[in-house]
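Visitor: Predicted model and sequence below, questions to follow.
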Amino acid sequence: MNKRSFVTKELLLRMAAAVAFNLAVYYGGRFLSESLPHRCLETELDRSIPLLPWMVFIYWAGYIYWLVSYAQGMTLEKGGRGRFLIAHLMGEAVCFLCFVLLPTTLARPAVSGHGPGAMLLRLTYRLDDPDNLFPSIHCFASWLSWIGVRGDRRVPLRYRLLSLFMALAVCVSTLTVKQHVAADAAAGILLAELSYLAAGMITRRRAARRETAEVK
């Protein structure tokens, strides 16, 4: 008997589409907004949040979290409706518009010390320019990863709680390593909720049209 493989061609295609669109949004937004004036959304609340270099490990762990969670979210979907992928594409399309129409930036603090966290944080600053901040893609993708499993009883409760913890931890890390401000994080979380809601409406309408067509 052949067991159904978790990694299917359809899953790989969806994952590739998600990654490709993410790269297009991020670098395309940066290219189009490069010469535009950028505003800073930092508030007193953001200035009161301490810099915690060790949190950069959680910040980078977010990429592994997304890879696993996106694969699981797309696999768990019933009937291949594609709600998770649609939510991702819609949300990142909104991010692209914000990156171009509302370019933001952030003055990063000096990083002192020679520990692993400080060294990785300085490298992060060199690799990633302080733009494409609002909404935070880190927070959007992390919260969408949590949304994908939070209501699914097929997923063990322990894993769902772990997913929530990781989503929160990654969002907090964006603030404590000074890659984002509170407005960026809040917008990313809200965008994930709205995108998933809108994607649900789209997939339900598609299913209803298919059912109507089959009846006819």
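Guide: Nice, I can see it.

Visitor: in stretch 47-59, what counts as buried?
Guide: For stretch 47-59, burial by neighbour count (16 or more other CB atoms under 10 Å) applies to 51-53, 55-56, 58-59. Backbone N, C-alpha and C define where each C-beta goes, glycine included.

Visitor: who touches it?
Guide: Under the contact criterion CB atoms under 8 Å, 6 or more residues apart in numbering, stretch 47-59 has outside partners 109, 111, 113, 115, 117-118, 120-121, 124, 138, 169-170, 172-179, 182.

Visitor: Span of that stretch from start to end?
Guide: The first and last residues of stretch 47-59 sit 19 Å apart, counting by CA to CA, to the nearest Å.

Visitor: What number of residues are in the vicinity of Arg108?
Guide: 14 (other CB atoms under 10 Å).

Visitor: Pretty sure it sits against Lys178.
Guide: Yes. Between Arg108 and Lys178 there is a contact under CB atoms under 8 Å: 5.3 Å.

Visitor: With respect to Thr75, which of the buried residues of stretch 47-59 is nearest?
Guide: Closest to Thr75 out of the buried residues of stretch 47-59 is Ile58 (25.0 Å), distances taken as CB to CB.

Visitor: Show me how far stretch 60-75 is from its chain's centre.
Guide: 10 Å (CA atoms, centre = their mean, to the nearest Å).

Visitor: Pull the residues that contact that stretch.
Guide: Here stretch 60-75 has contacts from 6-7, 11, 14-15, 18, 82, 84-85, 88, 120, 124, 138, 141-142, 144-146, 148-149, 155, 163, 166-167, 170, 173, using CB under 8 Å, 6+ apart.

Visitor: Show me what counts as buried in that stretch.
Guide: Buried residues in stretch 60-75, counted by 16+ other CB under 10 Å: 62, 65-66, 69-74.
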